[in-house]
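>>> what follows is a predicted protein model with its sequence.
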Amino acid sequence: MVLMFKIVILQSLYNLSDEAMEYQILDRISFMRFLGLREGSKVPDAKTIWLFREQLKEANLVEKLFRRFSSILRESGFNAKKGQIIDAIIVPVPQQHNSHKENAQIKAGEVPGEWEEAKRRQKDTDAQWAKRNGKGYYGYKNHVNVDVKYKLIRRYEVTGAAVHGNRVMGKILDGSNTNTEVYGDSAYRSREIIERLKLGGFRERLQYKGSRGNGVSWWQKELNRKRAKIRSRVEHVFGVMAKVGGSLLARGIGIIRPRVKIGLRNLAYNFNRYALLVTMG
């Protein structure tokens, strides 16, 4: 069980397919050493790796494992400190070829009535379209809470790509952080969010955005500049994920498998970050 868990952590860290993971275990001495295997040891094949990940999914264990490691981080002295940063990144999936009418029905939470059972099993009705910087993306969104001091992912939530961060902020806010400041880009700034943060005892440090017909004032620009220096630390988290494992592409029908894959990716990042923090002393 421990061996298989270490395998899926390595797989998630480097974003490898089951077949590629089997090959790399056989090919890389560093992988063998990390897994406690020796030359000639029996190596789990791609099917076994897939089956173990499916078992994690069926038992709903990924989030529990993430929370357990979060407890270990705290016990090791890596408590969430100096505030928290909220952000999200889109995780694409292979695009579905639906009509405009079908996409409208899916967006409304309906399954097109003309789809036969066989077709329904092949369609992902949980993935959604979203626009970022004028470009369209289809898939899911990884919402994260990263603490300012250690740049560890403290909480996360996986949703369709169209779900705005405002809707999940309450789920990923971390009341255990030693600092009450909450950083986020201008997309999070709204009267509702600011009031919610205030009621929760948090201090908002969200980026300002200009209103229609009015730009950002000079003092807002100055605050944005100061806050951006801290908020940008979350970009380091996403950058490390991309540098080590490349861009993540979630496959599967429905949100369950992407939740497992994204959750394991977040957990693998924390393992890797923890190892670096310990090495740095």
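Noted; the coordinates are in hand.
>>> make it CA atoms for all contacts and neighbour counts henceforth
Noted.
>>> how's the protein carved up into domains?
1-59, 80-280 (automatic domain parsing).
>>> among those domains, which is nearest Arg68?
Minimum separation from Arg68 across those (Cα to Cα) falls at domain 80-280, 10.3 Å.
>>> now that closest one: average pLDDT?
For domain 80-280, mean pLDDT rounds to 86.
>>> any idea how far the residue lying closest to Ile172 once chain neighbours are set aside lies from Ser70?
Leaving aside its sequence neighbours, Ile172 sits nearest to Arg155 (Cα to Cα, 6 or more residues apart in numbering; 5.3 Å). Separation of Arg155 from Ser70 (Cα to Cα, to the nearest Å): 9 Å.
>>> before we move on, back to that, could I get the domains of the chain as CSV with distance to Phe66?
Compiled in CSV, these are given as follows (distance: least, Cα to Cα, whole Å):
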stretch, distance to Phe66
domain 1-59, 11
domain 80-280, 6
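>>> how about those domains in a markdown table, adding mean neighbour count?
Below are the domains of the chain laid out as a markdown table (neighbours: other Cα atoms under 10 Å):
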| stretch | mean neighbour count |
| --- | --- |
| domain 1-59 | 15 |
| domain 80-280 | 17 |
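>>> ok, Gln11 touching Ser17?
Yes: using Cα atoms under 8 Å, Gln11 is in contact with Ser17, at 7.3 Å.
>>> shared neighbours of the two, anything?
Counting by Cα atoms under 8 Å, 6 or more residues apart in numbering, Gln11 and Ser17 have no common neighbour.
>>> what about the helix or strand containing Leu276, distance to the chain center?
Element membership of Leu276, judged by DSSP states H and E, is helix 256-280. Chain-centre distance of helix 256-280: 9 Å, with Cα atoms, centre = their mean, to the nearest Å.
>>> what of stretch 230-242?
That offset, for stretch 230-242, works out to 12 Å (Cα atoms, centre = their mean).
>>> restrict that stretch to CA atoms and write it as CSV.
C-alpha atoms of stretch 230-242 as CSV (Å, rounded to 0.1, in the frame of the first residue of the first chain):
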residue,chain,number,x,y,z
ILE,A,230,2.9,39.1,-2.0
ARG,A,231,0.1,37.8,-4.2
SER,A,232,2.5,36.7,-6.9
ARG,A,233,3.9,34.0,-4.6
VAL,A,234,0.9,31.8,-5.6
GLU,A,235,2.2,32.1,-9.2
HIS,A,236,5.4,30.4,-8.0
VAL,A,237,3.3,27.5,-6.9
PHE,A,238,1.7,27.0,-10.3
GLY,A,239,5.0,27.7,-12.0
VAL,A,240,6.8,24.9,-10.0
MET,A,241,3.9,22.5,-10.9
ALA,A,242,4.3,23.3,-14.6
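>>> which stretches in the stretch 101-250 of the chain count as strands?
128-132, 135-147, 153-160, 181-184, 203-206 (DSSP state E, counting those that start in this stretch).
>>> which one of these lies closest to Ala275?
Smallest distance to Ala275 across those (Cα to Cα): 14.1 Å, for strand 153-160.
>>> and the closest one, what does it pack onto?
Contact partners of strand 153-160 among helices and strands, from 3 or more Cα pairs under 8 Å, 6 or more residues apart in numbering; DSSP states H and E: strand 135-147, helix 169-172, helix 256-280.
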